[in-house]
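Novice: Pasted the sequence and its predicted model underneath.
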Amino acid sequence: MPHTPHIAQKCLSLSGDGAELHGELFTPESALPLPGVVLLHDRHGLTGHVRDTARRLAAQGYAVLVFDLFSRGDGDRQDPPSREQSRKLSFFPDERAVRDVQAALARLRSEPGVDPKRIALGGFSFGARYSLLTAGTGEDVAALFLFYPVIIYPELHASRPRQPLSLVHAIKCPVMTVFGEKDWMVPLPHQTFMEALRKGHGLPRECIRYPSVGHGFFNEEIKQYDKAVAEDAFARLIAFLERHIKRTG
């Protein structure tokens, strides 16, 4: 039988933008120093699904930090979301969230046994958007993976002062984007526009689109989950991380 590595899990606090954020670190029994991953959750928050994904990544040889972007009480796990929850998330402050993600990256870089130069950032939907915004505002990460991020807001306001798409050109690290062609939140023209923009700037990219699925297909806790597609996407993610932050060690 294949050996299943022991994964250590510890809770920690992050000093975010004026708040203490709840985080969890997953690490394998492996040779040091470890490459690291900051993994950001979708609008459902820091759920069992996110923790399970972190464990699966850790089993592949990564130190994985997850933290709760809703530590201030902004979140709600209703599916579908209530009208009030949708309204709250539409005013979730982008700039504060980016500072929180930067704090998480700094914390992971400071962890003993983690190589600070081999840190990837990524997430799903809500978390993917803040991964994009963080990398696009100058944060130095070695790789970025984005599962179906919203890249064009219906409107801008004080909490959303700029379009995520406008920062794509500023991302210098390799990027893996994953979309479903039936995604009503990130329609196909938005997906292809982002891919073309990356290509036009000559930036490293890996664009994956699945024709049979829509938004949220990776999350096994919601009805949009597609096991076969999710497993394929996870295998591609592992291969991407192997190329860009693991083998370089």
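Specialist: Yep, that arrived. Values in this document were obtained by computation on a predicted structure and should not be read as measured data.
Novice: could you show me where the helices are in the protein, in order?
Specialist: Assigned by DSSP state H, the helices in the chain fall at 48-58, 83-90, 94-110, 126-136, 188-200, 227-241.
Novice: so which of the ones you listed gets nearest residue 160?
Specialist: Closest approach to residue 160 among these (CB to CB): helix 94-110, 5.6 Å. For every residue, glycine as well, the C-beta is placed using N, CA and C.
Novice: What residues sit buried inside the closest one?
Specialist: For helix 94-110, burial by neighbour count (16 or more other CB atoms under 10 Å) applies to 94, 96-105, 107-109.
Novice: got it, and stretch 231-249?
Specialist: Of the residues in stretch 231-249, 233-234, 237-238, 240-241, 244-246 count as buried by neighbour count, 16+ other CB under 10 Å.
Novice: if we can go back for a sec, worst mean pLDDT among the helices of the chain?
Specialist: Note on those: lowest mean pLDDT is at helix 83-90, with a mean of 74.
Novice: relative to helix 227-241, how tilted is the lengthiest strand in the chain?
Specialist: Once the chain is assigned using DSSP state E, the strand that runs over the most residues is strand 114-124. Orientation of strand 114-124 against helix 227-241 (axes from the mean of the first three to the mean of the last three CA atoms, to 10 degrees) gives an angle of 150 degrees.
Novice: Just the angle for strand 114-124 relative to helix 94-110, thanks.
Specialist: Strand 114-124 runs at 150 degrees relative to helix 94-110, counting by the same axes, to 10 degrees.
Novice: List the pairing partners of strand 114-124 within its sheet, with orientation.
Specialist: Applying DSSP bridges, strand 114-124 is found paired with strand 34-40 (parallel), strand 143-147 (parallel).
Novice: what mean pLDDT does the last one have?
Specialist: So that's strand 143-147. The model assigns strand 143-147 a mean pLDDT of 98.
Novice: when you compare where it runs with where helix 188-200 runs, what's the angle?
Specialist: Going by the same axes, to 10 degrees, strand 143-147 makes 170 degrees with helix 188-200.
Novice: Equivalent analysis for the longest one, please.
Specialist: Between the axis of strand 34-40 and that of helix 188-200 there is an angle of 150 degrees, by the same axes, to 10 degrees.
Novice: And the residue nearest the centre of the chain, how far from residue 65?
Specialist: By CA atoms, centre = their mean, the chain has its centre lying nearest to residue 123, at 1.4 Å. Distance, residue 123 to residue 65, by CB to CB, to the nearest Å: 12 Å.
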